[in-house]
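Peer 1: got a predicted structure plus its sequence, pasted below:
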Amino acid sequence: MLKLHAVESGYDLVQVLWDVELEVGEGEFVAILGPNGAGKTTTLRTIAGYVRALRGTIEFNGKSLVGKAPHEISRLGIGYSSEGSNLFAGMTIYENLLVGAYTVRDKKQIASQAELVFELFPRLHERRNQLAGTLSGGERKMLAIARGLMPSPSMMLVDEPSLGLAPIPTLAAFEALKQLSHRGTTILLVEQNVNTTLHLVDRAYVLEQGRVVLEGTGDELLHNKEVQEAYLGI
Ligand SMILES: Nc1ncnc2c1ncn2[C@@H]1O[C@H](COP(=O)(O)OP(=O)(O)O)[C@@H](O)[C@H]1O
Ligand SMILES: [Mg+2]
């Protein structure tokens, strides 16, 4: 479904990604793990079109994404929920969801997608008329993911849903992603919460200094000596 080949990417003066090979199959739940500054966010931003790949190819269902604008990539069926949530604080939860659906013209589709999103995040449903600026950190993260889901993407890119969250909201966010995956959405998740993530996903890549250094199934990586020493404290 998604295929990155020999991707190099970065910002004006710094190259961040080097020769990245990464694949996500239809319906798969895949994670990118690795330390701070490894290039995980840059990888998602490159896929979503916010950062332009310098070299290599990125294909989604056979179509090249390189050089496409974020809204074009969104229309092809890729949703993106960024690390920082940049929600509209003065708008309600429901209004924020409508902003997320700005590329969707069909009102019925918007309403039914909002229903599905509220099933995944019952807490957002309870608070749908509450201003986003008054939400807890966990609720804001949920809303950021929910907003990314509004155009009904077939694949969702999710950047560190657990960042800055206490254990219980973290579990709620992971549970919602699990449900989303069970309902058939393909997910590429960036996380630093290695143990929980490896129990959740089908496969994962470990990124260090902009390069893929390890890849495997969740189980393989949980039993990998390097992963245990570097990330699991075993
Ligand atoms: N907008 C930017 N301009 C320049 N350098 C950046 C920018 N964003 C990130 N970087 C640099 O790119 C590297 C990778 O960052 P990032 O992809 O955010 O890593 P991660 O998400 O794995 O923590 C870091 O060295 C970071 O300082
Ligand atoms: Mg990041």
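Peer 2: Nice, I can see it. These figures come from a predicted structure and were not determined experimentally. Ligands and ions are numbered 1, 2, ... in the order given.

Peer 1: okay, and the one residue in the chain that gets nearest to ligand 2 sits in which element?
Peer 2: Residue of the chain nearest ligand 2, by CB to the ion: Thr41 (3.2 Å). The C-beta positions use only the backbone N, C-alpha and C, and glycine is treated the same way. For Thr41, the host element (DSSP states H and E) is helix 40-48.

Peer 1: elements contacting the following helix or strand past that helix?
Peer 2: Toward the C-terminus, helix 40-48 is succeeded by strand 53-60 as the next helix or strand (DSSP H and E). If you count contacts as 3 or more CB pairs under 8 Å, 6 or more residues apart in numbering; DSSP states H and E, strand 53-60 packs onto strand 2-10, strand 15-24, helix 40-48.

Peer 1: partner strands of whatever helix or strand comes next after strand 53-60 and their direction?
Peer 2: Going down the chain from strand 53-60, the next helix or strand is strand 63-64, by DSSP H and E. According to DSSP bridges, strand 63-64 forms sheet pairs with strand 53-60 (antiparallel).

Peer 1: report whether the strand it pairs with contacts ligand 1.
Peer 2: No: Strand 53-60 lies apart from ligand 1 when judged by CB under 6 Å from any ligand atom; the minimum separation is 13.3 Å.

Peer 1: tell me the angle that strand makes with strand 15-24.
Peer 2: Relative orientation of strand 53-60 versus strand 15-24 (axes from the mean of the first three to the mean of the last three CA atoms, to 10 degrees): 10 degrees.

Peer 1: so for strand 53-60, what gets flagged as buried?
Peer 2: 53, 56, 58, 60 (16 or more other CB atoms under 10 Å).

Peer 1: Ala114 sits in which helix or strand?
Peer 2: helix 107-120.

Peer 1: what's in contact with the following helix or strand past that helix?
Peer 2: As assigned by DSSP H and E, the chain's next helix or strand after helix 107-120 is helix 122-126. Helix 122-126 is contacted by residues 93, 117-119, 139, 142-143, 146, 172 when judged by CB atoms under 8 Å, 6 or more residues apart in numbering.
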